[in-house]
Structures are given as C-alpha cells and as structure tokens.
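> Take a look and give me a structure for this.
(chains A and B)
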Amino acid sequence: AQKVTQAQTEISVVEKEDVTLDCVYETRDTTYYLFWYKQPPSGELVFLIRRNSFDEQNEISGRYSWNFQKSTSSFNFTITASQVVDSAVYFCALSEARRTSGSRLTFGEGTQLTVNP
Amino acid sequence: EAGVTQSPTHLIKTRGQQVTLRCSPISGHTSVYWYQQALGLGLQFLLWYDEGEERNRGNFPPRFSGRQFPNYSSELNVNALELEDSALYLCASSLAGGVGIYSNQPQHFGDGTRLSIL
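Down below sits the predicted model:
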C-alpha cells in the first residue's frame, strides 16, 4: 500500500521568510510519480509539479523549489521569500505507474501555510 | 483554454436522498477522476473513468457510482445519502497515458461541489 505523510499540519511565517514543507512517502513500486498541489481558500487544487521516481534532480521554478531524495523517501517543497498570496493548503501526492490505477493520487494530509504581512 | 468545470457549486440535501454531480473535463482530456474531501479525512480517491469505462474505484460503498459520456464529461451519483457524505467533491481530468503504460499525466482539478447533508 502507498502512503504519503505531511507531518506539518500548520505553518505560520512572516512575509519574506523562507519556508519548507515536508513530504515523506511509502510505496513498494520502483516506478512512481510525486506531485505537489496548492489549494487556496477557493477550493480548487492547483497543480505545481510532477516528478518521476527516476529523476532525482532538484527543480526550481521562480520562488519555488523541490528537493527529491529517494534515499529518505522525501519530496520537500521550499518557498523562498514567501508572500501573503502563498497562503494556502499544500498537498503532496503519489501515484503508481500501473495500468489498473492510472494516475490515481494518494494525498498527504496537507499543510496549511499562513504567510502574515 | 477552459479548465475543468463542475456543477453545481453547492448542494444541500437530506439523509436518504440521491444526488448527481457533474464534471466537464479540459478539452482533449479523456480521463476523469473523482475525489472526496471530507473534514478530517483528507482527500480520498473515489472513481476513475477513461474512454467511457470505469477503470478503478476507491474504498467507497456501491452507493457511490458514476459514468462517463462519449464527450468525456462525467457524473457522480450518490444514493441513500448519509451525514458523513458531507464533503467537497472534486473532479479532475488528465490526458491519457502513452502506449503500454499510463504515464501519470498531471491531473487538473475543478473548483468542486460542496455537498451538505442535513
């Protein structure tokens, strides 16, 4: 069975601080995909990134960066110089590369990030 | 490009009633997924439809069902509503995978339907 754990339920920071959201996953598969989604108060889940299990290169997109380490089964997300608009719930998710399950996502519990002015 | 659209936005029902939620995927997407986001339970996978067929379902009772139409839009039906069915129901769509194996294309979500059971 697969599982995603986001141990940080809530994080509160002041604007311009850097913040890292932790994600630890469990799977028996060697091929899998990891995702991060953002859920603002409006409710829609916004796709941020997808990584496959064979690509451990870190990725940077503007103020966002992701650190994928298979050795520790972690896929952490860092926001640099946080802004108030970053306030949202962030979900880490996992999907296994199986025909029978498609892109079915297993989500972590989510981390509520609040960025205060 | 229009995103995933869901209707209705909000719905209030009473126990024992039946409800139908609707979802239109992004143009070109053939896969539709349904998720339930209930308070305290997180986001849980409900159903996956692709090319008009139900391909996989999560750990939900049979009173949760649905279908996908030839235009790839989808309906989620919930019968005999119970109080614990109160939740945000999210629909997502994605491109189908490549030949041989699904390549886990990113799912794009709608705004959801908030269902309240009284």
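> and A:Lys38, what is it in contact with?
A:Leu45, A:Val46, A:Leu48, A:Ala88, A:Val89, A:Tyr90, A:Phe91 (C-beta atoms under 8 Å, 6 or more residues apart in numbering or on different chains). (Glycine included, C-beta is placed from N, CA and C.)
> Please tabulate those residues in CSV and include neighbour count as additional columns.
What follows is these, written out as CSV (neighbours: other C-beta atoms under 10 Å in any protein chain shown):
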residue, neighbour count
A:Leu45, 28
A:Val46, 14
A:Leu48, 17
A:Ala88, 20
A:Val89, 19
A:Tyr90, 24
A:Phe91, 25
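> Of those, which pair is most distant in space?
By the measure C-beta to C-beta, A:Leu48 and A:Val89 form the most distant pair in the contacts of A:Lys38, at 12.3 Å.
> residues from chain B in reach of chain A?
For chain B, the residues in contact with chain A (C-beta under 8 Å from any C-beta of the partner chain) are B:31, B:33, B:35, B:42-45, B:48, B:50, B:55-56, B:58, B:88, B:90, B:92, B:94, B:97, B:101-112, B:114.
> Remind me what the helix or strand of chain B with the lowest mean pLDDT packs against, helices and strands.
The helix or strand of chain B with the poorest confidence is strand B:53-57; it has a mean of 90 (mean pLDDT, DSSP states H and E). Judged by 3 or more C-beta pairs under 8 Å, 6 or more residues apart in numbering or on different chains; DSSP states H and E, the packing partners of strand B:53-57 are strand B:42-50, strand B:64-68.
> and the contacts of A:Lys38, which of them are in strands?
Among those, the members found in strands (DSSP state E) are A:Val46, A:Leu48, A:Ala88, A:Val89, A:Tyr90, A:Phe91.
> Quickly list what the closest residue to A:Ile49 other than its chain neighbours is bridged to.
Nearest non-adjacent residue to A:Ile49, counting by C-beta to C-beta, 6 or more residues apart in numbering or on different chains: A:Trp36, 5.1 Å away. On the basis of DSSP bridges, A:Trp36 is bridged to A:Ile49, A:Cys92.
> Now for A:Trp36, how many residues are close by?
22 (other C-beta atoms under 10 Å in any protein chain shown).
> thinking again about what came up before, pick out whichever of the ones in strands among the contacts of A:Lys38 sits closest to B:Pro70.
A:Val46 (29.0 Å).
> Tell me which stretches of the chain form strands.
If you meant another chain, say so; for now it's chain A. A:3-5, A:10-14, A:19-21, A:24-26, A:32-39, A:46-52, A:59-61, A:64-69, A:74-79, A:88-96, A:106-107, A:111-116.
> wrong one, I was asking about chain B
Going by DSSP E, chain B shows strands at B:5-7, B:10-13, B:19-24, B:31-38, B:42-50, B:53-57, B:64-68, B:74-78, B:87-94, B:108-109, B:113-117.
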